[in-house]
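Enquirer: have a look at this prediction, sequence included:
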Amino acid sequence: MELITLRSIEKTYQMGDIAVPVLKGISLAIRQGELVALTGSSGSGKSTLMNILGCLDRPTAGEYWLEGQETSTLSTDERALLRNRKLGFVFQSFNLLARTSAIENVAMPLSYGAEDLSEREARERAAEMLGKVGLADRLDHHPSQLSGGQQQRVAIARALINHPPVLFADEPTGNLDSKTSEEVLQMFERLNTEDGITIIMVTHDPKVAGHAKRVIRMEDGVIQNDAPPAESNPETPGGAP
Amino acid sequence: MRVYSTARTAFRALRRNPMRAMLTTLGIVIGVGAVIAMMEIGAGSSTALKKTIASMGANVLVIRPGTASSGGVSFGAGSTTTLTPEDSQAILRECPAISNATPMVRARVQVVYGNRNWVPNAIYGTTPAYLDVQDWSILAEGEPFSDRDVLNGNRVCILGKTLVRELFDGTSPVGKEIRIKNIAFRVIGVLTPKGANMMGFDQDDVILAPWTTIKYRVTGASLSTSNQSTAAASDSVNTLSNLYPATQGDLYPKRSSVQEANNPMPVRFANIDQIMAAAASSAEIPLAIEQVGAVLRERHRLRAGEPDDFNIRDMAELTKTLSTTTTLMTNLLLAVAMISLVVGGVGIMNIMLVSVTERTREIGLRMAVGARGKDILRQFLVEAVVLCLTGGAMGIVLGHGGSLLVKLLLKWPVETSPAAIAAAVLVSAGVGIIFGFYPAWKASRLDPIEALRYE
């Protein structure tokens, strides 16, 4: 079943009088349970595509179907609800709330959800999620007391608290050393294979992209290459520093 | 649950920077504290002021008999003889707006003690309630006469300070006997000095005694019956009295002494010179006048359309002074309160704006995980309100403590006012909403993509 379908998505930014096209007609289909890496040099439009996929932004033209729902016509509030229910986000800089315990960070999205959980239910669910990412003994630690890898795992737990079908990761290992990067990526693979969560990663690191089952390379606002990593890998070492 | 969790989030957010939260609320703390302190001290002074003015007789109504006239000749104010002590009791009983009432008879006769004599300005025959009506209950010496003294017509009296000076040379008169028109009265108390009233009338040049004693033992008539009109009627100077006899022949046969003893005639009709009544408060004076009028018209059996046989007067001038002073005081306090709260509110707005800028990434994140604009708006609004309410609570404590300190150290009259506290809470919440709205609205309008990218 196709979870995400893009049909000739275009995005144009208006800089004063000049219209700057960033995405020039992108068509794409992602099935449920895929682990996709979105790569490309900076300015290739991968972040813009990510924002549109994450329902943070609206395309200028084209259709975006998410789980059989056309999202480009939704209002701001409807898209907020959609993000809450169906999408999870993991950022490069973790974006945890400072001086707030891990469990409260994880429970935060619940307060915006449609379902009305009690304080205790919310905490239980958050604790369960933290257990899943291996932080059951760090519930009341503040972000400053956690290592980078642990912080990113808290962020993953937060992204998954509403059991979304899709998880977006924007440079998830950009602020981590290679060892913890590996841990986080293995966790993504596990979530993908065991829980069947569709994961879409934005990265420019070929090693990270190597963990994906499918790599989409963007170039100048269009998809340049869409293939499993084995095929895209030989090209990247030359371009990578 | 949702409100609760929003409030919790707000508390948590504020706790993240306690020093700044404290400094921010300082404006509100000082504002509300000043308001509470001002309100309490102001209310205390206002009450004290009201009391002072009330002690001048602002709430007092004077009810005097109306004008009698005979053959086109008016006998002047207070010449009818229809006002009775029972009227006074009825007024007290039946008018809810009247807190006390007392009948009064007046005399102006010579008073003798030893080899000294004096004619006081007024000798008032009254009841103990007079002291309450005039707010004169605290005596300088001795004690007031009682209702029993009034019923028995006991010869006891209370002297004003001027009389003590004139008759006793300033020594204590309590227990001594003075003679009023050759009747011996025992002095049982001395009034506190009151000085002159607004018309320059020496209020201390006065003797108070039970009205029964004055009426039946001293004057034998009310003052009004001894004025020129009735005096003329009783003295048989009128040469026409033989032609037109003032007395009529008896309608019924004269009763024998046995009949008199068996069926005593009803108590004799005792008219009095005036009734003094105190309204429950200065605001109720118009109501009190209306009620007293209705009661007296009914008691005097006046038909509709028939003019009143009595006059009711109030101290309008004093009442006006009272209300003007109170309004002025209230407005002054309100102005001060407003200024301090606005200053506090601007401080809150300032810090909330800083906070929104500082937490742009947090706002972006919250939006990314599904917060709608109104969720963000509510969060920051609640935060501002929590800040203001906390400040308000601290301000109440501070203000109340301050006013207690003033009471303790300066001995100023202070009055705790629950209304002021409730108003302070409401106003501080209001300040939070008004001044917290703009920053919160600004936060809610942020674009999540920009906010997430914000450094």
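Expert: Cool, the structure landed. Numbering: from 1, shown residues only, chains lettered A, B, ... in the order given.
Enquirer: neighbours around residue 138, how many?
Expert: I went with chain A, as the question did not name one. 19 (other CB atoms under 10 Å in any protein chain shown). C-betas here are computed from N, CA, C, even on glycine.
Enquirer: that was the other one, I meant chain B.
Expert: By other CB under 10 Å, neighbour count at residue B:138 equals 8.
Enquirer: domains of chain B?
Expert: Residue ranges for the domains of chain B, per automatic domain parsing: B:2-53+B:321-453, B:60-226+B:269-314.
Enquirer: export those domains to CSV and tack on distance to chain A and mean pLDDT?
Expert: Converted to CSV, the domains of chain B look like this (distance: least, CB to the nearest CB, whole Å; pLDDT from 0 to 100):
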stretch, distance to chain A, mean pLDDT
domain B:2-53+B:321-453, 2, 84
domain B:60-226+B:269-314, 51, 87
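Enquirer: mind listing what residue B:204 touches?
Expert: By CB atoms under 8 Å, 6 or more residues apart in numbering or on different chains, the residues touching residue B:204 are B:160, B:161, B:162, B:163, B:191, B:193, B:194, B:195.
Enquirer: check for me that the third one belongs to a strand.
Expert: It stands for residue B:162. No. When classified by DSSP: H, G, I helix; E, B strand; the rest coil, residue B:162 is found to be helix rather than part of a strand.
Enquirer: does residue 62 count as helix, strand or coil?
Expert: This is for chain A. Recorded secondary structure, residue A:62: strand (three-state DSSP).
Enquirer: look at chain B instead
Expert: Here residue B:62 is recorded as strand under three-state DSSP.
Enquirer: shouldn't it be in contact with residue B:273?
Expert: No. Applying CB atoms under 8 Å as the test, residue B:62 and residue B:273 come out as separate, 10.3 Å apart.
Enquirer: look at those two and report which has more neighbours.
Expert: Per other CB under 10 Å, whichever of residue B:62 and residue B:273 has more neighbours is residue B:273, with 24 against 15.
Enquirer: the more buried one contacts residue B:108, correct?
Expert: No. Checked against CB under 8 Å, the pair residue B:273 and residue B:108 is beyond contact range at 11.5 Å.
Enquirer: which residue sits closest to the residue of chain A found nearest chain B, ignoring its sequence neighbours?
Expert: With CB to the nearest CB as the measure, residue A:84 is the residue of chain A nearest to chain B, at 2.4 Å. If you skip the residues right next to it in sequence, residue A:84 has residue B:370 as its closest partner in space, 2.4 Å away by CB to CB, 6 or more residues apart in numbering or on different chains.
Enquirer: on that earlier part again, export the domains of chain B as TSV, with columns for distance to residue A:166.
Expert: Formatted as TSV, the domains of chain B follow (distance: least, CB to CB, whole Å):
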stretch	distance to residue A:166
domain B:2-53+B:321-453	13
domain B:60-226+B:269-314	71
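Enquirer: hang on, the earlier thing: for the residue nearest to residue A:84, what are phi and psi?
Expert: Dihedral angles of residue B:370 (phi, psi; degrees, to the nearest 10) stand at phi 120, psi 10.
Enquirer: show me what contacts it?
Expert: Under the criterion of CB under 8 Å, 6+ apart, the contact list for residue B:370 reads A:80, A:81, A:83, A:84, A:85, A:109, A:112, A:113, A:162.
Enquirer: same deal with residue A:228?
Expert: In this structure, residue A:228 makes contact with A:213, A:214, A:215, judged by CB under 8 Å, 6+ apart.
Enquirer: most neighbours of all those, which one?
Expert: Using other CB under 10 Å as the neighbour criterion, residue A:215 leads the contacts of residue A:228 with 26 neighbours.
Enquirer: residues in contact with the spatially most central residue of chain B?
Expert: When chain B is reduced to its mean C-alpha position, the nearest residue by CA atoms, centre = their mean turns out to be residue B:281, at 4.3 Å. Under the criterion of CB under 8 Å, 6+ apart, the contact partners of residue B:281 comprise residue B:59.
Enquirer: what's the distance between it and residue B:51?
Expert: Counting by CB to CB, to the nearest Å, the gap from residue B:281 to residue B:51 is 12 Å.
Enquirer: kindly report the same for residue A:98.
Expert: When CB to CB is the yardstick, residue A:98 and residue B:51 sit 58 Å from each other.
Enquirer: same question for residue A:147.
Expert: Residue A:147 sits 72 Å away from residue B:51 when distances are taken as CB to CB.
Enquirer: around chain B, which positions in chain A sit nearby?
Expert: Contacts of chain A with chain B, taken as CB under 8 Å from any CB of the partner chain, map to A:51, A:54, A:56-57, A:76-77, A:80-81, A:83-85, A:89, A:91, A:95, A:97-100, A:104, A:108-109, A:111-113, A:116, A:118-119, A:158-159, A:162.
Enquirer: which among the contacts of residue B:370 gets closest to residue B:216?
Expert: Minimum separation from residue B:216 among those (CB to CB) is found for residue A:112, which lies at 89.8 Å.
Enquirer: quick one: that closest one and residue B:366 touch, right?
Expert: Yes. Judged on CB under 8 Å, residue A:112 makes contact with residue B:366 at a distance of 7.3 Å.
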